[in-house]
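Student: next comes the sequence, and after it the predicted model I'd like to discuss.
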Amino acid sequence: MDSNVISTSLPAIADDLGTSPIALKLALTGYLVSLAIFIPISGWMADRFGAKRVFRAAIGVFVLGSLACAASNSLTSFVLARSLQGMGGAMMTPVGRLLIIRSTPRNELVSAMAWLSIPAMVGPLAGPPIGGFITTYFTWHWIFIINVPIGIMGIWFSTKYLPDAEELINRKLDWTGFVLSGLGMSGVVFGLSVVSLPALPTFVGISTLIIGVVASLLYVWHARRVAEPLLDLSLFKNQVFRVSVVGGSIFRLGVGAVPFLLPLMFQVGFGLSPFQSGMLTFTSAIGAFTMKFGARSMFARFGFRNSLALCALMSATFIAINGLFTPETPYWIIFMALLIGGVGRSLLFTGVNTLAYAEIPNEKTSQATPITTVAQQVSLAIGVAIAGGILEISTLFHGKELLLSDFHIGFFIIAAISGMAFFSFIKLDPDAGHQLSGRKTCKNEA
């Protein structure tokens, strides 16, 4: 939520800091770049110092970054503070997931991942209306100050309830891999962010994107030649892991565009206020929450392959339905469409996040977790870039300001992209992940 909460508050923050909202988008980009740099090292940190210890430290760093944001008095200090927050967030997300995987029995992992998927769905949707409310009725500083008591509670709860017994693994840090992966991921994320939401000249984004792609290719070359790479790409030899990451990334290309396109369409195309738009889009979060209670039973009944393939098609369909909305569409129809779409997307997220670990041995989970997290961040950034590019191209064709039809075209295109994930999931073995869902295998049924 924190990564999205400032989006509706940018004008107020920019005015207070004496800069423009466009320039302040660098703060959003700085957070994402920091995530991209430090997520790859999170697995090594958890192995070397203990996941519980790293998780608590990450919360502490995030809280310090929040205080620095609230105390910022210039664009530079605010961007640096957001980058510090990103360092904490980069460790919290993958290490938190790693703690769940290591401490949860395999047959209960679906339910655990269902709970973990809810914040990922709710956060981006809840952030804008909450940020707008705080900025309107208080001051923007409270967006960050409220993280302090929440962070303190997080450290206390993790100290009290997370398991202490951990076997530390003192493996050598792959410094070359850290530099190449950091340059690669941050270059791709920063480049796409600048291209899709121009806060700097376009050539800067394109140049950075090229550097990121080259560094990523160099990392692939490097990882195949060292004994203990930072991100072990040999995990992709496992079909279940490969399909989970690749299929999930394809699906997220579309999903990453929805929180970008939908509020813009409601505000620009429908003429709604930011708060009204936020209340509409929040309907998807309600669908995400209700999904939690049926995730395990669905995977147990239909299996991961059938469930994920069906959810990919269903979710793509409801993304396309967004492209049929007009100001005359009754709100109850919009509510229902967003609600059902949220159920499908959240169920798919739960499935791919769980299935990725179905055949990964425990000693390799610290390698798998940063890979899946990096894939998520990059695919979401690409999704936003695609959406921004579609709108830009559409306006070039008709030479006018954004029209409602531009958003409709965007939804149809990203729905088609998301639907392509079906072809990845349908390749899975029917029994894939049966040990996680409790489903009887086809052999047992026979």
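Tutor: Looks like it arrived, so ask away.

Student: pLDDT weak spots in the stretch 101-250 of the chain?
Tutor: Filtered on pLDDT under 70, the stretch 101-250 of the chain yields the residue ranges 120-125, 128, 132, 165, 196-199.

Student: do you know how far the residue lying closest to Gly177 once chain neighbours are set aside is from Ile41?
Tutor: Once flanking residues are discounted, Gly177 sits nearest to Leu230: 3.6 Å by C-beta to C-beta, 6 or more residues apart in numbering. Glycine gets a C-beta too; all of them are placed from N, C-alpha and C. As defined by C-beta to C-beta, to the nearest Å, Leu230 lies at a distance of 7 Å from Ile41.

Student: what about these two, which has more around it?
Tutor: Leu230 (25 against 22; other C-beta atoms under 10 Å).

Student: which helix or strand contains that one?
Tutor: Per DSSP states H and E: Leu230 is located in neither a helix nor a strand.

Student: surely it touches Phe178?
Tutor: Yes - if you go by C-beta atoms under 8 Å, Leu230 and Phe178 touch, sitting 5.5 Å apart.

Student: got any residues that touch both of the two?
Tutor: 40-41 (C-beta atoms under 8 Å, 6 or more residues apart in numbering).

Student: which neighbours do Leu230 and Ile41 have in common?
Tutor: Counting by C-beta under 8 Å, 6+ apart, the common neighbours of Leu230 and Ile41 are 173, 178.

Student: could you dump stretch 257-276 to CSV, C-alpha only?
Tutor: Output of stretch 257-276 as CSV, limited to C-alpha atoms (Å, rounded to 0.1, in the frame of the first residue of the first chain):
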residue,chain,number,x,y,z
ALA,A,257,-1.7,-2.1,-16.1
VAL,A,258,-5.1,-2.3,-14.5
PRO,A,259,-4.4,-0.1,-11.4
PHE,A,260,-2.8,2.4,-13.9
LEU,A,261,-5.6,2.5,-16.5
LEU,A,262,-8.7,2.1,-14.4
PRO,A,263,-8.4,5.2,-12.1
LEU,A,264,-7.3,7.3,-15.1
MET,A,265,-10.3,6.2,-17.1
PHE,A,266,-12.7,6.9,-14.2
GLN,A,267,-11.2,10.4,-13.7
VAL,A,268,-10.4,11.5,-17.3
GLY,A,269,-13.0,9.5,-19.2
PHE,A,270,-15.9,9.6,-16.6
GLY,A,271,-15.1,12.9,-14.9
LEU,A,272,-15.1,11.3,-11.4
SER,A,273,-13.0,12.7,-8.5
PRO,A,274,-9.9,10.8,-7.3
PHE,A,275,-11.8,9.7,-4.2
GLN,A,276,-14.8,8.5,-6.2
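
Student: list the buried residues in that stretch.
Tutor: 257-266, 268-270, 272, 274 (16 or more other C-beta atoms under 10 Å).

Student: narrow those residues to those in helices?
Tutor: Among the buried residues of stretch 257-276, the members found in helices (DSSP state H) are 258-264, 274.

Student: now flag whichever of those is closest to Ser366.
Tutor: Pro259 (29.8 Å; C-beta to C-beta).

Student: that closest one against Ser277, yeah?
Tutor: No - the pair Pro259 and Ser277 does not pass the contact test of C-beta under 8 Å, sitting 11.0 Å apart.

Student: quick one, domains of the protein?
Tutor: 1-164, 174-229, 231-446 (automatic domain parsing).

Student: so how far does the shortest one reach from one end to the other?
Tutor: Using C-alpha to C-alpha, to the nearest Å, the end-to-end distance of domain 174-229 comes out at 6 Å.

Student: do the first one as well
Tutor: One end of domain 1-164 to the other measures 28 Å (C-alpha to C-alpha).

Student: now that domain, how far from the chain's geometric center?
Tutor: When distances are taken as C-alpha atoms, centre = their mean, to the nearest Å, domain 1-164 is centred 12 Å away from the chain's centroid.

Student: Glu359 sits in which helix or strand?
Tutor: Per DSSP H and E, there is no helix or strand for Glu359.

Student: who are the contact partners of it?
Tutor: For Glu359, counting by C-beta under 8 Å, 6+ apart, the contacting residues are 238, 240-241.

Student: can you pull out the strands in the stretch 201-350 of the chain?
Tutor: Using DSSP state E, counting those that start in this stretch, no strands are found in the stretch 201-350 of the chain.

Student: quick one, helices of it?
Tutor: 202-223, 239-255, 258-264, 274-281, 283-291, 295-322, 331-355 (DSSP state H, counting those that start in this stretch).

Student: how about a markdown table for the ones you listed, with distance to Ser379 added?
Tutor: Shown next, in a markdown table, are these (distance: least, C-beta to C-beta, whole Å):
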| stretch | distance to Ser379 |
| --- | --- |
| helix 202-223 | 14 |
| helix 239-255 | 4 |
| helix 258-264 | 13 |
| helix 274-281 | 20 |
| helix 283-291 | 18 |
| helix 295-322 | 14 |
| helix 331-355 | 11 |
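
Student: shouldn't Ile152 be in contact with Ser66?
Tutor: No - the criterion here is C-beta under 8 Å, and Ile152 misses it with Ser66 at 11.3 Å.

Student: number of residues surrounding Val243?
Tutor: 25.

Student: likewise the one 5 residues further on?
Tutor: Taking other C-beta under 10 Å as the neighbour definition, Gly248 ends up with a count of 26.

Student: quick check: Gly18 touching Ser74?
Tutor: Yes - here Gly18 reaches Ser74: they are 7.5 Å apart, a contact under C-beta under 8 Å.

Student: next one: the residue lying closest to Leu264 once chain neighbours are set aside from Val343, what distance?
Tutor: Spatial nearest neighbour of Leu264, chain neighbours left out: Phe407 (6.9 Å); criterion: C-beta to C-beta, 6+ apart. Applying C-beta to C-beta, one obtains 23 Å for the distance of Phe407 from Val343.

Student: returning to what we had before: okay, the residue nearest to Gly177 and Ser181: tell me how far apart.
Tutor: Taking C-beta to C-beta as the measure, Leu230 falls 6 Å from Ser181.

Student: joint contacts of these two?
Tutor: Pro40.

Student: which among the helices of the stretch 201-350 of the chain is found nearest to Phe144?
Tutor: Using C-beta to C-beta, those put helix 274-281 closest to Phe144, at 19.1 Å.

Student: now do that closest one, average pLDDT.
Tutor: Mean pLDDT, helix 274-281: 72.

Student: next one: stretch 347-360
Tutor: Mean predicted confidence for stretch 347-360 is 86.

Student: roughly how far is that stretch from the heart of the chain?
Tutor: 15 Å.

Student: and that stretch, C-alpha only, in CSV?
Tutor: C-alpha atoms of stretch 347-360 as CSV (Å, rounded to 0.1, in the frame of the first residue of the first chain):
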residue,chain,number,x,y,z
LEU,A,347,-6.9,-16.8,-7.0
LEU,A,348,-4.3,-17.0,-9.8
PHE,A,349,-1.8,-15.1,-7.7
THR,A,350,-2.3,-17.5,-4.9
GLY,A,351,-1.8,-20.4,-7.2
VAL,A,352,1.4,-19.3,-9.0
ASN,A,353,3.0,-18.1,-5.7
THR,A,354,2.3,-21.5,-4.1
LEU,A,355,3.0,-23.8,-7.1
ALA,A,356,6.5,-22.2,-7.7
TYR,A,357,7.7,-24.1,-4.5
ALA,A,358,6.0,-27.4,-5.2
GLU,A,359,9.1,-29.2,-6.4
ILE,A,360,11.8,-26.9,-4.9
